[in-house]
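> coords please:
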Amino acid sequence: MTHLSSIPVGRGHIIFVRNDDARDYYVLYYDGYGTQHVKYNIAGMESTENDKKPATAFILHRKSMQECFNILNLKLKRQDISKISKKIWKDLSKTDTQLIETIKESYRNALEEYRRTHFRIQSYEGPQGPSRVESQFPNYAEFDYHFYNPTEGELINDLFLENRNFV
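Numbering: from 1, shown residues only. Below is the predicted model:
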């Protein structure tokens, strides 16, 4: 076992270790009466079907630590969990960069999936009705803006004058 990080908590210590044989990670809690341990698993990514961006790499680590603390039956405040997770994350960035990169890769994959399934530009139909671009190009959602090169007059018309009813 390789000792990667240690943090005092109350009357005990939280110790983050790596089993070199199996490349598994464990969170140990030693309180003077005995040692409890739980395997550290990288938190799973939520489905990207909702409109929320995926959690960052650090938040994934924090969620994993929170799951370990719950299994160890440690009653910690959220701010304490964040402080402990931050300290361990900082220590891991020096002692075991491979685990940090694994967590970051998980985040990058989830972000790529999110970007693939969520459009960043949404059409908006203002009070004057659909724009000239929508009426000229029926597949507006698939429209490639790189090839749309309107003249100055067309831009002014699109912005201010289009579909206005003057009394």
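
> what sits opposite the residue nearest to Asp20 when sequence neighbours are not counted in the beta ladder?
Using C-beta to C-beta, 6 or more residues apart in numbering and skipping the chain neighbours, the partner closest in space to Asp20 is Thr2 (5.7 Å). Yep, even glycine has a C-beta here, placed from its N, CA and C like the rest. Thr2 has these beta-bridge partners by DSSP bridges: Arg18.

> so Thr2 touches Arg18, yeah?
Yes. The pair Thr2 / Arg18 is scored as a contact, 4.6 Å apart, by C-beta atoms under 8 Å.

> higher neighbour count, the two?
Arg18 (20 against 11; other C-beta atoms under 10 Å).

> and that one, how far is that from Ile81?
For Arg18, the distance to Ile81 equals 21 Å [C-beta to C-beta, to the nearest Å].

> cool, Thr2 as well?
From Thr2 to Ile81 the distance is 24 Å (C-beta to C-beta).

> again, but for Ala110
On the measure of C-beta to C-beta, Ala110 and Ile81 end up 22 Å apart.

> need the helices for this structure, in chain order.
57-71, 78-95, 97-117, 132-136, 152-156 (DSSP state H).

> which of these comes out lowest on mean pLDDT?
Among these, helix 132-136 carries the lowest mean pLDDT, at a mean of 55.
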